[in-house]
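> Build the 3D model from these lines:
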Amino acid sequence: MFLLCAGCNSYTFKSSRLAKAEGQLKEAQSLVVEKQRQYTTATVDALTAPGSPTTNANVIVATEYAKGAQSLSGMPTERLDVTTAIEQVRKEVEAIGETTTNLQADVNKMWITLTNGAVGVMRKDIADASVLLKKVEVLEAKVQEAEDALVSKAAYEEKQGVKRFWQKTGFWTKIGIIAGGLIALCVFVPTVIPILGSVIGWLIGKIPSLVSFVGVVGKNTFDAVVEGVGNAKKAVKETQVSSVVSEDKETYTRAEVNTMLEDLKSKIEGIYKNNLRNTTSDADKAVIASRELEVVDRGVTD
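Next comes the predicted model:
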């Protein structure tokens, strides 16, 4: 935790670029919400305005759906003037109806060419809303880009902070921090202790000289030595003195006795060596050899 705190830089403020983009996006989104409310309410007003065919099934169903949408979106701050547009369209339709033989086709043509008055205002407002939606999309992309840039900058500064921290810290301070972190990890997460033990054992197997520095050996190495020594002790107990007697007779000279003792000693040494050879790996043998240089004959005096 200390290391993380030492290396991290907190950003308590937003970059001006991000703040500006977010402000523009929020404003545009508010306008879109207001437009949605205006159009929903305008739809309800148009369907329920005087002159609407209230007995038409299509109008009845559309009105109910429009009212439901209005209840979800809410009322606008300012309602749109639909009455003027309705009157304008009604006059055009009535004028066409007096002379046409195909009312639907002529009304469709009229609607395409009708761009002035209240209808023209309505068309422009809808076109502006479409532009507004595209603006929201652009601003969302800008906000995301600014956020990504800020995160990248924060990650870079954090990395540089950690690098500066380690460059300014002395060797033993680094060792103390790492050791303290490992101890804290073992205290708060005891399940990692066997894992750390395995890692240390593996490192000692690779670098036997670490035994003197760390003061411990891996469990596997220790078990292998215990197994080898135990097997050797059992084999020695089962070894008969007669196995080194080359000639059976009543008395032996001192030289013959010394020879038999040397043979017995060599046989016992061989038993220990063979059993340790069978139970230990190459890494274990390296650790044993490293420790032999320091501990063998340590307490022996002439």
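> Domain parsing of the chain, as residue ranges.
Residue ranges for the structural domains of the chain, counted by automatic domain parsing, are given in the record as 9-160, 192-295.
> can you redo those as CSV with mean neighbour count and distance to A184?
Any C-beta I mention is one placed from the backbone N, CA and C, and that applies to glycine too. Listed next are the domains of the chain as CSV, based on neighbours: other CB atoms under 10 Å; distance: least, CB to CB, whole Å:
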stretch, mean neighbour count, distance to A184
domain 9-160, 14, 21
domain 192-295, 14, 11
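> Export those as TSV, with columns for distance to L185 and mean pLDDT.
Rendered in TSV, the data for the domains of the chain read as follows (distance: least, CB to CB, whole Å; pLDDT from 0 to 100):
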stretch	distance to L185	mean pLDDT
domain 9-160	21	85
domain 192-295	6	72
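> could you dump these to TSV with distance to C186?
Shown next, in TSV, are the domains of the chain (distance: least, CB to CB, whole Å):
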stretch	distance to C186
domain 9-160	26
domain 192-295	5
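> looking at the ones you listed, which is closest to T169?
Smallest distance to T169 across these (CB to CB): 14.9 Å, for domain 9-160.
> re the thing from before, between the domains of the chain, which one is closest to F171.
Closest approach to F171 among those (CB to CB): domain 192-295, 14.1 Å.
> Which stretches in the stretch 101-250 of the chain count as helices?
Counting by DSSP state H, counting those that start in this stretch, the stretch 101-250 of the chain has helices at residues 103-113, 117-168, 171-188, 193-206, 210-214, 219-237.
> leaving aside the residues next to it on the chain, what's closest to I60?
T54 (7.3 Å; CB to CB, 6 or more residues apart in numbering).
> secondary structure class for the one you found?
At T54, secondary structure determined by DSSP: H, G, I helix; E, B strand; the rest coil is coil.
> Please look at it and L47 and confirm they touch.
No: here T54 lies out of contact with L47, judged by CB atoms under 8 Å, at a distance of 9.2 Å.
> got a list of what the closest residue to N231 other than its chain neighbours touches?
The shortest distance from N231 to any residue other than its chain neighbours is 4.4 Å, reached at N275 (CB to CB, 6+ apart). Counting by CB atoms under 8 Å, 6 or more residues apart in numbering, N275 touches G228, V229, N231, A232, A235.
> How about T100?
D106.
> which SS class is it?
Under the three-state scheme (three-state DSSP), T100 adopts coil.
> Against K109, how distant is it?
Using CB to CB, to the nearest Å, one gets 10 Å for the distance from T100 to K109.
> Then T251?
From T251 to K109 the distance is 142 Å (CB to CB).
> Same check on E238?
Applying CB to CB to E238 and K109 gives a distance of 117 Å.
> what's the nearest residue to K135 once chain neighbours are set aside in contact with, if anything?
Spatially, and ignoring its direct neighbours in sequence, K135 is nearest to A28 (5.4 Å; CB to CB, 6+ apart). Shown in contact with A28 (CB under 8 Å, 6+ apart): L132, K135, V136, L139.
> ditto for M110
By CB under 8 Å, 6+ apart, the contact list for M110 reads E92, V93, I96.
> Of all the domains of the chain, which one comes closest to G170?
Checking the domains of the chain against G170 by CB to CB gives domain 192-295 as the closest, at 18.4 Å.
> quick one, which of the domains of the chain is nearest to I178?
Using CB to CB, those put domain 192-295 closest to I178, at 11.9 Å.
> which element is the residue nearest to N231 on?
helix 254-279 (DSSP states H and E).
> Under a three-state scheme, what state does Y252 occupy?
Quick answer, by three-state DSSP: Y252 is coil.
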